[in-house]
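A.B. asks: Mind folding the following:
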Amino acid sequence: MAYTDFNWIIDRLAVGGFVRDSDDLPFDAILSMETHAPTLLRDLVRSGRVEYQWRSILDGRCDEENDEIVRRFDAAAAQMDAWLRGGRRVLVHCFAGVSRSVTAVIWYLMRYRGYSWEQALELIKANRPGAYPDVRFEIPLRLAAGEDLSEEWIEGRIEAYCAGLRAMGWERDPSEIWEALEQQGTFRRERAAAG
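C.D. replies: Numbering: from 1, shown residues only. Have a look, this model is predicted:
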């Protein structure tokens with residue numbers, strides 16, 4: 001059975017979920033943002049049919065510090081750019097094709113194609129409606145891009161993110177997000193009793 005859990009975002013760049021079958025893949029290069037490297041791709045990679053990079057990053061816990069998150073997404077974006085400039089058809093995937101892979105493609109579009117975060121996300125959602133990048137990736141990356149994000153803006157973005165999760169049946173306390181951002185070194189709240 002052919003792999004179908006992907007959507008083309010721009011010419012030769014697709015976002016997808018976990019690759020469960022390596023038959024008839026329409027890609028020359030695969031960038032995995034999955035927590036664990038998919039073993040089924042080994043034969044495909046060994047055959048020389050695709051180039052492959054694994055750029056693991058945890059979604060949902062975000063234990064990495066802010067600089068490490070930015071470094072990992074910078075490396076992923078640079079790899080996409082190199083492959084695309086080389087004429088490759090690229091798949092960026094994670095488990096569900098919702099957060100990690102989407103964030104990587106957003107970051108590529110921002111760094112190499114001049115998109116804003118909103119423009120890149122809108123483009124991806126137009127092609128992959130379930131795209132929902134983790135705000136604990138979004139905020140460090142937007143700060144790294146030079147955006148001046150106020151505490152009030154971040155608070156509103158966290159609230160909107162948690163409301164979106166609730167609508168999908170997931171419960172996430174906004175104070176947990178703030179705590180994660182503070183542990184990552186992304187942002188420190190100014191208000192002593194906030195949250």
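A.B. asks: Give the residue spans of this structure that score low on pLDDT.
C.D. replies: Scanning the chain for pLDDT under 70 picks out 1, 37-43, 58-64, 187-195.
A.B. asks: can you give me the helices in it?
C.D. replies: 42-47, 66-85, 100-113, 117-127, 135-144, 151-167, 174-184 (DSSP state H).
A.B. asks: Any chance of CSV for these, columns distance to residue 8?
C.D. replies: Just so you know, the C-beta spots here come from the backbone N, C-alpha and C atoms, and that holds for glycine as well. Shown next, in CSV, are these (distance: least, CB to CB, whole Å):
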stretch, distance to residue 8
helix 42-47, 20
helix 66-85, 13
helix 100-113, 11
helix 117-127, 6
helix 135-144, 22
helix 151-167, 24
helix 174-184, 31
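A.B. asks: ranking those helices by burial, who's on top?
C.D. replies: helix 100-113 (a mean of 25; mean count of other CB atoms under 10 Å).
A.B. asks: okay, that helix in PDB with CA atoms only?
C.D. replies: Provided in PDB are the C-alpha atoms of helix 100-113 (Å, rounded to 0.1, in the frame of the first residue of the first chain):
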ATOM      1  CA  ARG A 100       6.900  19.100  14.700                       C
ATOM      2  CA  SER A 101       7.000  18.700  10.900                       C
ATOM      3  CA  VAL A 102       4.700  21.700  10.500                       C
ATOM      4  CA  THR A 103       6.900  23.800  12.700                       C
ATOM      5  CA  ALA A 104      10.000  22.800  10.700                       C
ATOM      6  CA  VAL A 105       8.300  23.800   7.400                       C
ATOM      7  CA  ILE A 106       7.100  27.100   8.900                       C
ATOM      8  CA  TRP A 107      10.600  27.800  10.000                       C
ATOM      9  CA  TYR A 108      12.000  27.000   6.500                       C
ATOM     10  CA  LEU A 109       9.400  29.300   4.900                       C
ATOM     11  CA  MET A 110      10.300  32.100   7.300                       C
ATOM     12  CA  ARG A 111      14.100  31.700   7.000                       C
ATOM     13  CA  TYR A 112      14.500  30.900   3.300                       C
ATOM     14  CA  ARG A 113      11.300  32.200   1.600                       C
END
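A.B. asks: ok now it, how far from the chain's centre?
C.D. replies: Distance of helix 100-113 from the chain centroid (CA atoms, centre = their mean, to the nearest Å) equals 7 Å.
A.B. asks: list the helices and strands it packs on?
C.D. replies: Applying 3 or more CB pairs under 8 Å, 6 or more residues apart in numbering; DSSP states H and E, one finds that helix 100-113 makes contact with strand 6-10, strand 13-16, helix 66-85, strand 90-93, helix 117-127, helix 135-144.
A.B. asks: got JSON lines for the ones you listed, with distance to residue 156 too?
C.D. replies: What follows is the helices and strands packed on helix 100-113, written out as JSON lines (distance: least, CB to CB, whole Å):
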{"stretch": "strand 6-10", "distance to residue 156": "27"}
{"stretch": "strand 13-16", "distance to residue 156": "26"}
{"stretch": "helix 66-85", "distance to residue 156": "20"}
{"stretch": "strand 90-93", "distance to residue 156": "28"}
{"stretch": "helix 117-127", "distance to residue 156": "14"}
{"stretch": "helix 135-144", "distance to residue 156": "11"}
